[in-house]
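S.K.: What follows is a predicted structure for the sequence shown.
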Amino acid sequence: MMMQSTQTLPEVVVLDTNFFIALEEAGLPSILEKLEDFCSDVGMVVFTPDSVPKSDVPSKFRQLREKIPKYVRLKVVNRNSRFWKKTALDAFKNRLIRADKDPADIDVIVLAREFYAKGKVVAVVSDDEGVARAVNELSEFKGIQHFSCGAFLSVLAATAREEYQAILDDAVEKVFRKTWSYKRRTRRYIDLKLLAEDFLDTARFVRSAVKRQALQASAALVDPTAVLEPTNYFEQLVLLLNGCSEAREENNIYEAEQAEIRVTLEAPKILSQIRDLEMREIAQKYMHSVLFEHHTWMFQGYQQRQEIVQALVHIQSCLTHLKFIDVATEALENLLALRGLLFLLLGQIDSALESFESIAVSEDQPMSTVQLLGLIVALVAKERFQEAMKLVRRYPDLKEGLIDSIRGYSNIAFHRGQQRLAMNLLEFLILTFQKDVELVLSAAERLFILSRYRPDVPRKETYLALRKLLGKKYQDNTRKSVKRAWQQAVPIEIGLLNDKNYTKGFTARELEELRAFQGPYYVFEIRKFEEQNLMHVFVWNEPLACGWRHIISLDYYPAFEKTFSFKYMSGTITKISRKTKTDPDIIRGTIHVKNPVIQVTLFAATW
């Protein structure tokens, strides 16, 4: 069983300004001075946009801004180009980056895309969540890698020549510790996929740091009778644990599980042979750090495959190994919060609340954004709306990020079958923030569509709020009959509906209605009928404002499986039939589609 493939080492790296700030705050100006040497040594070229931001960089970094051109290549980015403006608009619409406030962030991702278009393997290095999400979520940037600042230095440390190892290893540790506190202060949007990537970065750093400590400790043992034996046994332990990393390199989950079993059986025997107590303690810590990384990787693999129970098993293993190693409090907080969010997807609300409430909160250590999101979702799941509203009002500066995070999590919940939870979350947003029309409009549109599928869920006051927010968009034609003209028009070649030769026999009104069958469609549910090799896709058609059942060959299931919304690019509608007495109320009729080609306009959330 194979996991997702590992990343290829980038040829071109585009650095965000916060990378330079991280080096400055960590007291590492020498890294900047030697950065080009480190990178060229492993075949990388580093760039940064020529327009280093001014408004959002503190005054104490002005001297740093003057240094950057001496050590890193600058590249001009044209902010008047069509692509820059389109990227800025897409990022704004998806509330990733506001170009008016952060135009330099748009520069970073646009510059990366320019190099990628030339056939280069490209990575963006940034601790900014908006930049990270844009690279991960906007389709134009698919194929471009993203590294946190600490992760990028970790890659350099793992690939650089021996003479650079000490300085890079030291830099990795200092920058990672700065990154943890930086993200805790600045995180506004909770993206579970990026949160999982953060854990893997953390795990790699912890393992590397502990191994370095172990090697230094073994080298410091001056008694020859104490040197050889502990060092040899430590080397045996390293070789045993290398089985876990080799399985990861091969992306083989089965071999990774076998490697862990071998470690469980053999490691205690090896550890018992190490006589020096300090060395044994460090060796044990190294073993736990490797297994922490191992289970983090396993968790990430299962979360990508949407297998929640298995992902939770590995989260729990991570928490176990975390007790034996030193990491920042933020890492533990996020791990507990992520466990709670996964419990919610399984409907285990009490376990989720317990997980969130186990995170310590004090004046010195206020509630993190991840914990806040988790508690709000858990309270809404228990339908304790008033308590959730009080929590939100205590953190007004987090409002926009929380709205987006809750809406995103509701998509995940719906995709995982937690329909009531998904709709309750959207309902909570609308009732709490209905005066912030711009912020909750997309949540209102989403809830209106889902309420066509589950009309029993929203409260009466929510329907009133929806009517007010949506106006003319609040329309449902599902109860109307299927028009005879549509039935007479079949077969309809969807891909030819913009071809004048094909459509010359239709009136303008008929043509407008037929084109509406292209979509967009929002997916409610997919039912498989394997004996007939068919699937029934229950959808909401936005232009026609009604529900439909599409009957399609089961061969096309992979294309629809992880789709929230789509448009037909081509295919043939072979039959349009009216709803029968036994059909569900959510559909206006049934459409048979042959050889469909779809364009996915919204993927199901991959947490």
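M.R.: Thanks, I have the structure now.
S.K.: And the strands in the stretch 1-150 of the chain, which stretches?
M.R.: For the stretch 1-150 of the chain, strands defined by DSSP state E, counting those that start in this stretch occupy the ranges 12-15, 45-49, 73-75, 122-125, 145-147.
S.K.: Let me fix that, I meant to ask about the chain.
M.R.: Remark: strands assigned in the chain by DSSP state E are 12-15, 45-49, 73-75, 122-125, 145-147, 492-493, 521-529, 534-541, 546-553, 563-578, 589-603.
S.K.: Just put those in JSON lines and tack on mean pLDDT, mean neighbour count and distance to residue 315.
M.R.: Yep, even glycine has a C-beta here, placed from its N, CA and C like the rest. Shown next, in JSON lines, are the strands of the chain (pLDDT from 0 to 100; neighbours: other Cβ atoms under 10 Å; distance: least, Cβ to Cβ, whole Å):
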{"stretch": "strand 12-15", "mean pLDDT": "93", "mean neighbour count": "26", "distance to residue 315": "31"}
{"stretch": "strand 45-49", "mean pLDDT": "91", "mean neighbour count": "21", "distance to residue 315": "35"}
{"stretch": "strand 73-75", "mean pLDDT": "87", "mean neighbour count": "14", "distance to residue 315": "41"}
{"stretch": "strand 122-125", "mean pLDDT": "93", "mean neighbour count": "26", "distance to residue 315": "27"}
{"stretch": "strand 145-147", "mean pLDDT": "89", "mean neighbour count": "22", "distance to residue 315": "23"}
{"stretch": "strand 492-493", "mean pLDDT": "94", "mean neighbour count": "17", "distance to residue 315": "49"}
{"stretch": "strand 521-529", "mean pLDDT": "93", "mean neighbour count": "18", "distance to residue 315": "28"}
{"stretch": "strand 534-541", "mean pLDDT": "96", "mean neighbour count": "21", "distance to residue 315": "33"}
{"stretch": "strand 546-553", "mean pLDDT": "96", "mean neighbour count": "21", "distance to residue 315": "37"}
{"stretch": "strand 563-578", "mean pLDDT": "93", "mean neighbour count": "18", "distance to residue 315": "26"}
{"stretch": "strand 589-603", "mean pLDDT": "89", "mean neighbour count": "17", "distance to residue 315": "24"}
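S.K.: Please name whichever of those is nearest to residue 360.
M.R.: Residue 360 lies closest, by Cβ to Cβ, to one member of these: strand 145-147, at 30.4 Å.
S.K.: now for that closest one, which elements pack on it?
M.R.: With contacts defined as 3 or more Cβ pairs under 8 Å, 6 or more residues apart in numbering; DSSP states H and E, strand 145-147 has these neighbours: strand 122-125, helix 129-137.
S.K.: Kindly reformat the ones you listed as TSV containing distance to residue 84.
M.R.: Output for the helices and strands packed on strand 145-147, formatted as TSV (distance: least, Cβ to Cβ, whole Å):
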stretch	distance to residue 84
strand 122-125	15
helix 129-137	13
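S.K.: give the contact list for residue 359.
M.R.: For residue 359, the contact set (Cβ atoms under 8 Å, 6 or more residues apart in numbering) comprises 333, 336, 337, 367, 368, 371.
S.K.: my bad, residue 107
M.R.: Residue 107 is in contact with 49, 51, 77, 79, 84, counting by Cβ under 8 Å, 6+ apart.
S.K.: which non-adjacent residue is nearest it?
M.R.: Once flanking residues are discounted, residue 107 sits nearest to residue 49: 3.7 Å by Cβ to Cβ, 6 or more residues apart in numbering.
S.K.: Enumerate every residue touching the one you found.
M.R.: Residue 49 touches 14, 74, 75, 76, 77, 104, 107, 108, 111, counting by Cβ under 8 Å, 6+ apart.
S.K.: if we look at stretch 516-535, which residues are touching it?
M.R.: Stretch 516-535 has contacts (Cβ under 8 Å, 6+ apart) with 449-450, 452-453, 492, 494, 497, 536-544, 547-548, 550-557, 560-561, 563-569, 573, 586, 591, 601.
S.K.: rewinding a little: how about the contacts of residue 107 in TSV, adding distance to residue 66?
M.R.: Supplementary listing: the contacts of residue 107 in TSV, determined by distance: Cβ to Cβ, whole Å:
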residue	distance to residue 66
49	16
51	14
77	19
79	22
84	25
